[in-house]
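Colleague: Need the 3D shape of this:
(chains A and B)
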Amino acid sequence: GENVEQHPSTLSVQEGDSAVIKCTYSDSASNYFPWYKQELGKGPQLIIDIRSNVGEKKDQRIAVTLNKTAKHFSLHITETQPEDSAVYFCAASKGSNYQLIWGAGTKLIIKP
Amino acid sequence: DTEVTQTPKHLVMGMTNKKSLKCEQHMGHRAMYWYKQKAKKPPELMFVYSYEKLSINESVPSRFSPECPNSSLLNLHLHALQPEDSALYLCASSQDLPGNTEAFFGQGTRLTVV
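Modeller: Numbering: from 1, shown residues only, chains lettered A, B, ... in the order given. Okay, here's the model as predicted:
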């Protein structure tokens, strides 16, 4: 079955610097790749997603890139701020009749 | 209103108790879910309801019993739980099934089984 690997498990960056989190997936039929942010004491919240017909998507300081050949996708956060501190999960799916397969999560720490 | 509301926020129950978790959404979403999340782990899917019918049961033990009274409400009935069932229980909803669209999560119920 589908497997999603996520790295690193913990990432510590200086405020204002960029952060990159990487995920790889195993099933080439996967076509939907969301990223969720989970703050302490809250449920996950979608921050950005990308579909397989697009190579890159941007939303202000957040961007996601997808390399279908290599089967990996990455989350890029620029100009990091203290409120970016959270756990970030990537996920992959083959479509609406399939479940999301989640990565293990990355704890992002923004140092002041 | 893009909220999924879960009650209670915290619950402590004994192994012989019966309790229920409740979830409500008013976004007109067709799919609703229960997830279980252990510390430092991703959410783990338990049940999916689509159009008020149970469409996915991820081999969850029968001590967990879901119920969807109407399109806005989702319950999870708990009975004879074990200490290892202690976790954060998350409810979510989405317009379409989750493999294709954003899922909106509630804040969760922190369950402790003693």
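Colleague: When you work out contacts or count neighbours from here on, use the C-alpha atoms and nothing else.
Modeller: Will do.
Colleague: so residue A:4 bridges to which residues?
Modeller: Assessed by DSSP bridges, residue A:4 has beta-bridge partners residue A:25.
Colleague: For chain B, what lies in contact range of chain A?
Modeller: B:40-43, B:90, B:96-108 (CA under 8 Å from any CA of the partner chain).
Colleague: From these, list just the buried residues.
Modeller: Buried members of these, counted by 16 or more other CA atoms under 10 Å in any protein chain shown: B:42-43, B:90, B:96-108.
Colleague: Please flag which of those sit within helices.
Modeller: Among those, DSSP state H puts none in helices.
Colleague: Please identify which of those is nearest to residue A:61.
Modeller: Of all these, residue A:61 sits closest to residue B:102, with 19.6 Å by CA to CA.
Colleague: In chain B, which residue is most central in space?
Modeller: The centre of chain B sits closest to residue B:34, judged by CA atoms, centre = their mean, with a distance of 2.8 Å.
Colleague: Now tell me which helix or strand of chain B has the poorest mean pLDDT.
Modeller: Ranked by mean pLDDT, DSSP states H and E, the helix or strand of chain B with the weakest confidence is strand B:53-57, at a mean of 88.
Colleague: Quick one: the strands in chain A, in order.
Modeller: Assigned by DSSP state E, the strands in chain A fall at A:4-7, A:10-14, A:19-25, A:32-38, A:45-51, A:56-59, A:62-67, A:72-77, A:86-92, A:101-102, A:106-111.
Colleague: among the buried ones among the residues of chain B next to chain A, which are in strands?
Modeller: Judged by DSSP E, the subset of these located in strands is B:90, B:104, B:105.
Colleague: Show me what counts as buried in stretch B:20-40.
Modeller: Judged by neighbour count using 16+ other CA under 10 Å, the buried positions of stretch B:20-40 are B:21-25, B:27, B:29-37.
Colleague: Please apply the same query to stretch A:71-91.
Modeller: A:72-78, A:80-81, A:84-91.
Colleague: Next: stretch A:55-71.
Modeller: For stretch A:55-71, burial by neighbour count (16+ other CA under 10 Å) applies to A:56, A:62, A:63, A:64, A:65, A:66, A:68.
Colleague: Kindly report the same for stretch B:14-21.
Modeller: Neighbour counts over stretch B:14-21 (16+ other CA under 10 Å) mark residue B:21 as buried.
Colleague: Pull it out as PDB, backbone CA atoms only.
Modeller: Extracted as PDB, the C-alpha positions of stretch B:14-21 are listed here (Å, rounded to 0.1, in the frame of the first residue of the first chain):
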ATOM      1  CA  GLY B  14     -13.100   4.300  34.000                       C
ATOM      2  CA  MET B  15     -12.900   1.100  32.100                       C
ATOM      3  CA  THR B  16     -16.500   0.100  33.000                       C
ATOM      4  CA  ASN B  17     -18.000   3.500  32.000                       C
ATOM      5  CA  LYS B  18     -20.100   4.400  29.000                       C
ATOM      6  CA  LYS B  19     -19.600   7.800  27.500                       C
ATOM      7  CA  SER B  20     -20.200   9.600  24.200                       C
ATOM      8  CA  LEU B  21     -18.200  12.100  22.200                       C
END
